[in-house]
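1. return a 3D structure for these sequence lines:
(one chain, ligands or ions: 1)
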Amino acid sequence: MAHIRIIGGGISGSILALRAHMSGHSIDWWKYGRPSASLVASGIYNPTVLKRLKLVWRAAELARCAEEFYANTNALLESEWAAPIPIWHRMQEKGKVNDWEARSADAGFTEFLGPIHGKKEVYGELKMAGRLLVMPWLNEVEQFMAQRHRVVNQRWRVDEHLDGTTTVLCTGWKKDSLPYGIPENAMAPVKGEVLTLRLPGYPHPEKIIHGGVFIMPLGNELFKVGATYSWDPLDERPSDQGRDWLLDRLAKLWPGPVEQVRHEAAVRPAVRDRKPILGAVEGHKGLYIFNGMGSRATLLAPLLSEWMLDHIFRSIPLPPEVELRRFFE
Ligand SMILES: Cc1cc2nc3c(=O)[nH]c(=O)nc-3n(C[C@H](O)[C@H](O)[C@H](O)COP(=O)(O)OP(=O)(O)OC[C@H]3O[C@@H](n4cnc5c(N)ncnc54)[C@H](O)[C@@H]3O)c2cc1C
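-> Coordinates of the predicted model:
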């Protein structure tokens, strides 16, 4: 099979690398710096947009592919960092409960919206959702790849290293390494903050609760609570404002004790039209982009990595909605 060079060691680069490995390609994987957005991501994959009770673009295809991909890669890595997990969405108003009931009867939603639980506190259960424990998984993918392929811990530079080899840039968005090949105005990056907290006595240690914020169990009374969305400043520094906003929303779901363990921030590689960006960079033979996963890399990248490889090695066209070319027309 063919050779491929993958640049970037975040969720996108790691999923593309695993997909390329499973397809039998030989790989050079260039990783530089610590992953940014991937370092703080909660890793939840969920095809339902809870605020508006809508489905994301191509929800069923993405969710099925993610489920299959994580089951296969768990087997490959001999680990269980990715797993389905119940997500319960808290509904405070009667109208929301009525909306949930009405929507879940629609043919397109039966796969995604599950039963309603509780009387005093009412929750809708989501289906087709899961969680990737990102940090240990990223480490494991790196070890796995290093034993089978060439991992280069170095920054890849267009001016030095561009040589016609099939190369895919999975470089996300960071202040110190803006993505190459994508027009600046195509990106609409969004800062996000997340807290890791100890919540002694919290009653839902085996499911994700959503209600303004997500409360995601990590084990041993630890939980991730996120996330904020802000645009100014676009940096990777946790802020007092972000922490207060998260704690304020958490208090509406959990009135008990809270101990802060960690507070992190990063910038999501989001796109102006809310679709990812894939495709060949014009004028550079063999150079491709795999970026713009926004706040959903864990859901999007399993299917998109398949599209990317099919496009590169089998000349199968990409769906026009995700093509890099749309920003040049
Ligand atoms: C607070 C927060 C919570 C989130 N929660 C979720 C969630 O629950 N579920 C979900 O799916 N998503 C979530 N996200 C979004 C998710 O983090 C992103 O979609 C994802 O991390 C993007 O991954 P990436 O690999 O494209 O980019 P990145 O994580 O930015 O990785 C890119 C990597 O490429 C490296 N790189 C850049 N240039 C070069 C170069 N020239 N040479 C070599 N390496 C290079 C960078 O150093 C970096 O390591 C969240 C984001 C935030 C901020």
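2. got the contact list for the residue of the stretch 101-250 of the chain found nearest the ligand?
-> For the stretch 101-250 of the chain, the residue closest to the ligand is residue 172, as judged by C-beta to the nearest ligand atom, at 2.2 Å. Heads up, the C-betas are built off the backbone N, CA and C, glycines and all. Under the criterion of C-beta atoms under 8 Å, 6 or more residues apart in numbering, the neighbours of residue 172 are 8, 10, 12, 35-38, 179, 269, 291, 293.
3. if we use 6 Å, what do you get?
-> Residue 172 makes contacts with 10, 37, 269, as judged by C-beta atoms under 6 Å, 6 or more residues apart in numbering.
4. before we move on, what about residue 108?
-> Applying C-beta under 6 Å, 6+ apart, we find residue 108 in contact with no residue.
5. swap in 10 Å and give it another go.
-> When contacts are counted by C-beta atoms under 10 Å, 6 or more residues apart in numbering, residue 108 touches 55, 59-60.
6. can you redo the residues you listed as TSV with distance to the ligand, secondary structure and neighbour count?
-> As requested, the contacts of residue 108 are exported to TSV (distance: C-beta to the nearest ligand atom, whole Å; DSSP: H, G, I helix; E, B strand; the rest coil; neighbours: other C-beta atoms under 10 Å):
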residue	distance to the ligand	secondary structure	neighbour count
55	16	strand	20
59	14	helix	20
60	17	helix	13
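7. now check stretch 11-28, is it near the ligand?
-> Yes. Counting by C-beta under 6 Å from any ligand atom, the ligand has neighbours in stretch 11-28: 11-13.
8. can you show me the CA trace of that stretch as PDB?
-> What follows is stretch 11-28, C-alpha atoms only, in PDB (Å, rounded to 0.1, in the frame of the first residue of the first chain):
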ATOM      1  CA  ILE A  11      -7.400  13.900  17.900                       C
ATOM      2  CA  SER A  12      -7.600  14.400  14.100                       C
ATOM      3  CA  GLY A  13      -4.000  13.300  13.300                       C
ATOM      4  CA  SER A  14      -4.300  10.300  15.700                       C
ATOM      5  CA  ILE A  15      -7.600   9.100  14.100                       C
ATOM      6  CA  LEU A  16      -6.200   9.600  10.600                       C
ATOM      7  CA  ALA A  17      -3.000   7.700  11.500                       C
ATOM      8  CA  LEU A  18      -5.000   4.800  13.000                       C
ATOM      9  CA  ARG A  19      -7.200   4.700   9.900                       C
ATOM     10  CA  ALA A  20      -4.200   4.800   7.600                       C
ATOM     11  CA  HIS A  21      -2.600   2.000   9.600                       C
ATOM     12  CA  MET A  22      -5.800  -0.200   9.400                       C
ATOM     13  CA  SER A  23      -5.800   0.400   5.600                       C
ATOM     14  CA  GLY A  24      -2.300  -1.000   5.400                       C
ATOM     15  CA  HIS A  25      -0.400   2.200   4.600                       C
ATOM     16  CA  SER A  26       3.100   3.000   5.800                       C
ATOM     17  CA  ILE A  27       3.200   6.200   7.800                       C
ATOM     18  CA  ASP A  28       5.500   9.000   8.800                       C
END
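9. so how far is it from its chain's centroid?
-> Stretch 11-28 has its C-alpha centroid displaced from the chain centroid by 17 Å (C-alpha atoms, centre = their mean, to the nearest Å).
10. how about it: buried residues?
-> 11-21, 25, 27-28 (16 or more other C-beta atoms under 10 Å).
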